[in-house]
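> Kindly generate the corresponding structure for this input.
(2 chains)
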Amino acid sequence: MRAAAQAAPPDGPAPAIRARGVRKVFSAGARQVVALDGIDLDVAAGELVCLLGPSGCGKSTLLNAIAGFSLPTAGELSALGRPVTAPGPERAMVFQEYALFPWMTVERNVAFGLELAGAPPARRREVVDGLLAKLGLAEFRDRFPKDLSGGMRQRVAIARVLAIDPPMLLMDEPFGALDALTRRTLQDELLRLWGETGKTIVFVTHGIEESIYLADRVVVMTYRPGTVKRVVPIGLPRPRDPASPEFNALKREVSALVMEEQARHQADEAHATAD
Amino acid sequence: MGKAAGLLRSLLVPVTLLLLWEGVARAGWVTPLILPSPTRVALRWWAYLTPAEPYHPAAGAWLAWAVSGELLHDALTSLTRIAVGFGIGAGLALPLGLVMGARPIAYQLFNPLLQLLRPIPPIAYIPLAILWFGLGNPPAYFLISLGAFFPVLMNTIAGVRAVDAIYLRAARNLGAGEWTLFWRVMIPAAMPYILTGVRVGIGVAFIVVIVAEMIAVNAGLGYRILEAREYFWSDKVIAGMITIGLCGLGIDLVMSRLNGWLLRWHRGVEG
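Model prediction:
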């Protein structure tokens, strides 16, 4: 299987992400938790896919597997035509906690990936200037992350990964810690950047509305073990209106699926507390 | 108005104590040998600070004359010893601490020995230091570096271990190799801890230098106050102690500034 995936031409119709029978088991002492099981999923190049589900459904585990931070126990997982074996800048990650380097200014944070890639200073400056302007960060370039609001920090984190121009963005509940208005602003900015750059985006969220607002397809996952419960294509034209009847119909459909899993999650928690 | 009142309040206790001390000394309740008056101490301090000989243009440059006082020479000698000893101690502790913090194998190898050695105060090494290094500067350097070594080491280990894994993930994800992770992520992230260790280490070095100078050398602030005691110059003993206090305060101010600048990115640190 592995050899076949490697042999596939990288520029052919191969999907940006291809998962077959992906399984991930965490063991804590004698206890084993099956976080992911039998995940089959293809993400096309340039597609924006949301992984949706209650906490404990393994959506972040799947994202971390694609990022190469924590490899699957079994199954086949390849990204951009190659099996995932380690983290790499072509699969750039945006974290919920921003993960900006607090000892670097905004400018240095954004330039860091380019520096590692060995880009000459003039080129770095050009890219950084462009991104800071594009994300409304120009006047904050010499600030340290501690002096920025949550929304600004996440903008910097997005600029930091866009600087290395990866074909794929992996986003782990990136807007989860932001207030509702800032979240909507950043969602719109993300859609704009995605429209301009055509990157493949895998976006993990537990926000039902957020997933329908953003995604081409919403992958609803089951609670423990994490499997693909249903893939819901979102055919609505953008910009999407969360108040429209079509949007709300989808919301009802997706919500019903997620709430089934949430109920299992709740039952499990009650069981754990009873122990 | 508020500022003047604040200044007045902060001066109230020291000034009262000084006046009380002066009064006690003038009244002749204690002999000057036991407790000289503050004015005598101040005069002695001034004499200690200023050149012993009046200025002769023939003898050389004015500046060399102006700084030829005994106090300046002693202070400079002590501070140099601190700098050399601390440099050696911290210079060994920092790389060892970084490796021990980052690599569990290194930690397992070195930790038992270090835990055994750490509680031994540097002062307890004095006999060995003289045996091994004789008299003069080398035993002093040895003792000071020992005193500086452990605070820097322990804090560096703790600092590296406390580095949030998410920074390492983010850096790896952006394409950082092991070397870059070490220099660009681990060291800056551990810097708040490392600087705390440096500050404690300098404090210990300062204590040890005074003790070391009391045993094996013939210059420096520690040597000078012991020498003054031999002659029953209690005013000079106190003048020397005040000088030690001023040097310590100076070092702490410089370190605090340096700290504030190096950690200007850090939450809760005011420049």
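> Get me the contact residues on the stretch 151-275 of chain A for chain B.
With Cβ under 8 Å from any Cβ of the partner chain as the criterion, the stretch 151-275 of chain A comes near chain B at residues A:160-161, A:164. (C-beta placed from N, C-alpha, C; glycine too.)
> would you list these in a markdown table and tack on secondary structure?
As requested, these are arranged in a markdown table below (DSSP: H, G, I helix; E, B strand; the rest coil):
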| residue | secondary structure |
| --- | --- |
| A:160 | helix |
| A:161 | helix |
| A:164 | coil |
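> Of those, which is the most crowded?
Counting neighbours by other Cβ atoms under 10 Å in any protein chain shown, residue A:160 comes out on top of those with 29 neighbours.
> From what I see, that one and residue A:114 are in contact.
No - the criterion here is Cβ atoms under 8 Å, and residue A:160 misses it with residue A:114 at 9.6 Å.
> Tell me who's in contact with the nearest residue to residue A:115 once chain neighbours are set aside.
Once flanking residues are discounted, residue A:115 sits nearest to residue A:124: 6.7 Å by Cβ to Cβ, 6 or more residues apart in numbering or on different chains. By Cβ atoms under 8 Å, 6 or more residues apart in numbering or on different chains, residue A:124 lies in contact with A:111, A:114-115.
> So what does residue A:56 have for phi and psi?
The phi and psi values for residue A:56, taken as degrees, to the nearest 10, are phi 90, psi 0.
> That one: how many residues sit nearby?
21.
> next one: residue B:95
Residues lying near residue B:95 (other Cβ under 10 Å) number 11.
> so where does it fall, helix or strand?
helix B:70-102 (DSSP states H and E).
> Going by neighbour count, list what's buried in that helix.
Using 16 or more other Cβ atoms under 10 Å in any protein chain shown as the test for burial, helix B:70-102 gives B:70-72, B:74-75, B:77-79, B:81-82, B:84-86, B:88-90, B:93-94, B:96-102.
> is it true that residue A:71 touches residue A:62?
No - using Cβ under 8 Å, residue A:71 is not in contact with residue A:62; the gap is 11.7 Å.
> Which one of these two is surrounded by more residues?
Comparing residue A:71 with residue A:62 by neighbour count (other Cβ under 10 Å), the higher total belongs to residue A:62, at 30 against 14.
> does that one count as helix, strand or coil?
Classified using three-state DSSP, residue A:62 is helix.
> same question, residue B:255
Using three-state DSSP, the structure places residue B:255 in helix.
> Not counting residues beside it along the chain, what's closest to it?
Residue B:255 sits nearest to residue B:199 (Cβ to Cβ, 6+ apart), 5.5 Å away.
> For that neighbour, give me phi and psi.
The phi/psi pair for residue B:199 (degrees, to the nearest 10) is phi -70, psi -50.
> so who does it touch?
B:252, B:255, B:259.
> Tell me the one of the residues of the stretch 151-275 of chain A next to chain B nearest residue A:173?
Taking Cβ to Cβ as the measure, residue A:173 lies nearest residue A:161 of these, at 15.3 Å.
> Please name the spatially closest residue to that closest one (chain neighbours excluded).
residue A:92 is the one closest to residue A:161 (Cβ to Cβ, 6+ apart), at 3.6 Å.
> who does that neighbour bridge with?
residue A:169 (DSSP bridges).
> so it sits right up against residue B:173, yeah?
Yes - between residue A:92 and residue B:173 there is a contact under Cβ under 8 Å: 6.3 Å.
> before we move on, back to that, let's see if you can find the most crowded of the contacts of residue B:199.
residue B:259 (20 neighbours).
> Need the per-residue pLDDT for that residue.
On pLDDT, residue B:259 comes in at 92.
> which element is it on?
Counting by DSSP H and E, residue B:259 is found in helix B:234-262.
> Near chain A, which residues of chain B are found?
Going by Cβ under 8 Å from any Cβ, the residues of chain B near chain A are B:166-167, B:169-176, B:180, B:184-185, B:188-189, B:191, B:264-267.
> contacting residues around residue A:91?
Contacts of residue A:91 (Cβ under 8 Å, 6+ apart): A:66-68, A:79-80, A:84, A:166, A:168, A:170, B:173.
> Which of those residues fall within strands?
Under the assignment DSSP state E, these contribute A:79, A:168, A:170 to strands.
> Most neighbours among those residues, which one is it?
Ranked by the number of neighbours (other Cβ under 10 Å), the ones in strands among the contacts of residue A:91 place residue A:170 first, at 27 neighbours.
> show me the contacts for that residue.
Counted by Cβ under 8 Å, 6+ apart, residue A:170 has contacts A:63, A:66-67, A:91-94, A:201-202.
> switch to 6 Å and redo it
Residue A:170 makes contact with A:63, A:66-67, A:91, A:93, A:202, according to Cβ atoms under 6 Å, 6 or more residues apart in numbering or on different chains.
> and which of these is nearest chain B?
When these are compared for distance to chain B (Cβ to the nearest Cβ), residue A:93 wins out at 4.7 Å.
> wait, the closest one sits on residue A:68?
No - Residue A:93 lies out of contact with residue A:68 (Cβ atoms under 6 Å); the separation is 9.4 Å.
> More neighbours: the two, which one.
residue A:93 (28 against 19).
> how close does the more buried one sit to residue A:64?
Distance of residue A:93 to residue A:64, computed by Cβ to Cβ, to the nearest Å: 9 Å.
> Ok, residue B:219 next?
From residue B:219 over to residue A:64 (counting by Cβ to Cβ), the distance is 62 Å.
> quick one, which of those two is more surrounded?
residue A:64 (21 against 17).
> which parts of stretch A:26-43 are buried?
For stretch A:26-43, burial by neighbour count (16+ other Cβ under 10 Å) applies to A:34-39, A:41, A:43.
> helices or strands up against the helix or strand bottoming out on mean pLDDT in chain B?
Between all helices and strands in chain B, the lowest mean by mean pLDDT, DSSP states H and E belongs to helix B:62-66, at a mean of 78. Helices and strands touching helix B:62-66, by 3 or more Cβ pairs under 6 Å, 6 or more residues apart in numbering or on different chains; DSSP states H and E: there are none.
> Let me know the pLDDT of the residue most central in space within chain A.
Closest to where the C-alpha atoms of chain A average out (Cα atoms, centre = their mean) is residue A:171, at 2.4 Å. According to the prediction, residue A:171 has pLDDT 96.
> got the contact list for it?
Residue A:171 neighbours (Cβ under 6 Å, 6+ apart): A:94, A:203.
> go on, the one 10 residues further on?
Shown here is residue A:181, which makes no contacts under the criterion Cβ under 6 Å, 6+ apart.
> quick one: it is in a helix?
Yes - the assignment for residue A:181 is a helix, going by three-state DSSP.
> Point out where the stretch 151-271 of chain B drops to low pLDDT.
For the stretch 151-271 of chain B, applying pLDDT under 70 flags the ranges B:268-271.
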